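# Need coordinates for the below:
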Amino acid sequence: MQSLQDQIREHVVSDIQSGALRPGAQIDEKALADAFESSRTPVREALLMLAAQGLVTIVPRAGMFVYKPGAAELVAMFETLAEMEGVVARLATQRITEAGRKVLAQAHAAAGRFVEQGDTSGYIEANRRFHEVLYQAAANPFLSEQIVQLRRRLAIYWQQKGLINDARVPSSYREHGQVVEAVLAGNPDGAAEAMRMHVSAGGKAIADLVLLAGVETP
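Next up, the predicted model:
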């Protein structure tokens, strides 16, 4: 059973990822305490954990705020994610089992059906599953956890209207296909490069929109 602290933490993470709590928004500690019928202590402990993960910023004498990166930092975060995902693809190619190869091919095929149907929401979930299959194949839990934490910090930018759209989905799927081809061919260098290019393409599109809008964050 989850502790109250963990329940509060997951609730806040969900609100950040969905956009209910926007970058730079102040977190209402009293409202959280009231919602969970708790004292301020578990709320503060949950938020301190999120601060350690980079999702929350503590401003002395002001309160707790959702972390808000600048445009340059946003670009740097996507660059880092691309490199880490590339390492995952390399390790997955070297360590994937026969059963893992089948699961990867199935995950890619499942995503393809959403592309054919024009179902962007379905593709987003299939995309998450595709990357999780590679994390499992890479067999490096520490690296996977670092990626998950970084993706949580970036989730709001993928959620913004227009940043995940019908036009991007087919390109994303084709890029996945290049990763799958390299992994199944036993080409770790090719898999790593294909994955870096895939993540960089999505990240660059988001960063470019942020920069063109003349603002630091959504």
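
# Mark out where each domain of the protein begins and ends.
Domain ranges of the chain: 4-66, 71-212, per automatic domain parsing.

# Would you tell me which one of these is buried the most?
Most buried of those, by mean neighbour count (mean count of other CB atoms under 10 Å): domain 71-212, with a mean of 17. C-beta: built from backbone N, CA, C; applies to glycine.

# hang on, the earlier thing: can I get the domains of the chain in TSV with mean pLDDT?
Shown next, in TSV, are the domains of the chain (pLDDT from 0 to 100):
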stretch	mean pLDDT
domain 4-66	91
domain 71-212	89
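
# So the residue lying closest to residue 10 once chain neighbours are set aside: helix, strand or coil?
Excluding the flanking residues, the one nearest residue 10 by CB to CB, 6 or more residues apart in numbering is residue 2, at 7.6 Å. Secondary structure assignment for residue 2 (DSSP: H, G, I helix; E, B strand; the rest coil): coil.

# same thing with residue 186?
Taking three-state DSSP, the label given to residue 186 is coil.

# Okay, helices next: where are they in the protein?
Assigned by DSSP state H, the chain shows helices spanning 4-18, 29-35, 40-52, 71-95, 98-117, 120-138, 141-159, 168-184, 188-212.

# so what does the third one touch, helix or strand wise?
The helices and strands touching helix 40-52, judged by 3 or more CB pairs under 8 Å, 6 or more residues apart in numbering; DSSP states H and E, are helix 4-18, helix 29-35, strand 56-59.

# of the ones you listed, which approaches residue 99 most closely?
Among the helices and strands packed on helix 40-52, the nearest to residue 99 by CB to CB is helix 4-18 (30.7 Å).

# C-alpha coordinates for that closest one, PDB please?
Extracted as PDB, the C-alpha positions of helix 4-18 are listed here (Å, rounded to 0.1, in the frame of the first residue of the first chain):
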ATOM      1  CA  LEU A   4       0.300   9.200   1.900                       C
ATOM      2  CA  GLN A   5       3.500  10.900   0.800                       C
ATOM      3  CA  ASP A   6       3.800   8.800  -2.300                       C
ATOM      4  CA  GLN A   7       0.100   9.300  -3.200                       C
ATOM      5  CA  ILE A   8       0.600  13.100  -3.000                       C
ATOM      6  CA  ARG A   9       3.800  12.900  -5.000                       C
ATOM      7  CA  GLU A  10       2.100  10.900  -7.800                       C
ATOM      8  CA  HIS A  11      -0.800  13.200  -7.800                       C
ATOM      9  CA  VAL A  12       1.400  16.300  -8.300                       C
ATOM     10  CA  VAL A  13       3.500  14.400 -11.000                       C
ATOM     11  CA  SER A  14       0.200  13.600 -12.900                       C
ATOM     12  CA  ASP A  15      -0.900  17.200 -12.800                       C
ATOM     13  CA  ILE A  16       2.400  18.400 -14.100                       C
ATOM     14  CA  GLN A  17       2.500  15.900 -16.900                       C
ATOM     15  CA  SER A  18      -1.100  16.500 -17.900                       C
END
